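Enquirer: the following comprises the amino acid sequence and a computationally predicted model.
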Amino acid sequence: MSTLEYQVTGMTCGHCEMSVREEVSEVAGVDDIQVSAQTGKLVVSGSDDIDDAQVLAAVEEAGYTAARI
């Protein structure tokens with residue numbers, strides 16, 4: 001089980017969370033996504049290894065920036 005945690009900047013609402021969730025769900029190996037606009041946290045889990053660069057790119061594609069924490 002692999003779990004990665006990120007701090008996402010720019011999210012302000014539920015729509016923001018949905019946008020991030022949609023993009024990150026397309027990353028190979030991702031099984032579970034927890035995202036909160038209120039805290040700015042994104043937690044990604046999967047049974048296989050998850051490519052950190054792909055998660056960051058997916059968040060950027062959604063229109064936000066993220067940093068691994």
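Expert: Received, thanks.
Enquirer: how many neighbours does D32 have?
Expert: When neighbours are counted by other C-beta atoms under 10 Å, D32 registers 12. Where C-beta positions appear, they are placed from N, C-alpha and C, glycine not excepted.
Enquirer: list the contacts for the closest residue to it other than its chain neighbours?
Expert: Distances taken as C-beta to C-beta, 6 or more residues apart in numbering place S45 nearest to D32, at 4.2 Å, with adjacent residues excluded. Going by C-beta atoms under 8 Å, 6 or more residues apart in numbering, S45 touches M1, S2, T3, L4, V30, D31, D32, I33.
Enquirer: scan those residues and report the most crowded one.
Expert: Tallying neighbours with other C-beta under 10 Å puts V30 at the head of those, with 21 neighbours.
Enquirer: that one reaches V44, doesn't it?
Expert: Yes. In terms of C-beta atoms under 8 Å, V30 counts as a neighbour of V44; the distance is 5.6 Å.
Enquirer: what touches both of these two?
Expert: Counting by C-beta under 8 Å, 6+ apart, the residues touching both V30 and V44 are V24, I50, V55.
Enquirer: could you report the distance from the second one to C13?
Expert: I50 sits 26 Å away from C13 when distances are taken as C-beta to C-beta, to the nearest Å.
Enquirer: out of those two, which sits in the more crowded spot?
Expert: More neighbours surround I50 than the other of I50 and C13, with 19 against 10 (other C-beta under 10 Å).
Enquirer: which residues does the more buried one contact?
Expert: S2, L4, V27, A28, G29, V30, V44.
Enquirer: kindly report the same for E5.
Expert: Neighbours of E5 in contact, by C-beta under 8 Å, 6+ apart: K41, L42, V43, V44, R68, I69.
Enquirer: swap the cut-off to 10 Å and go again
Expert: Q34, K41, L42, V43, V44, S45, R68, I69 (C-beta atoms under 10 Å, 6 or more residues apart in numbering).
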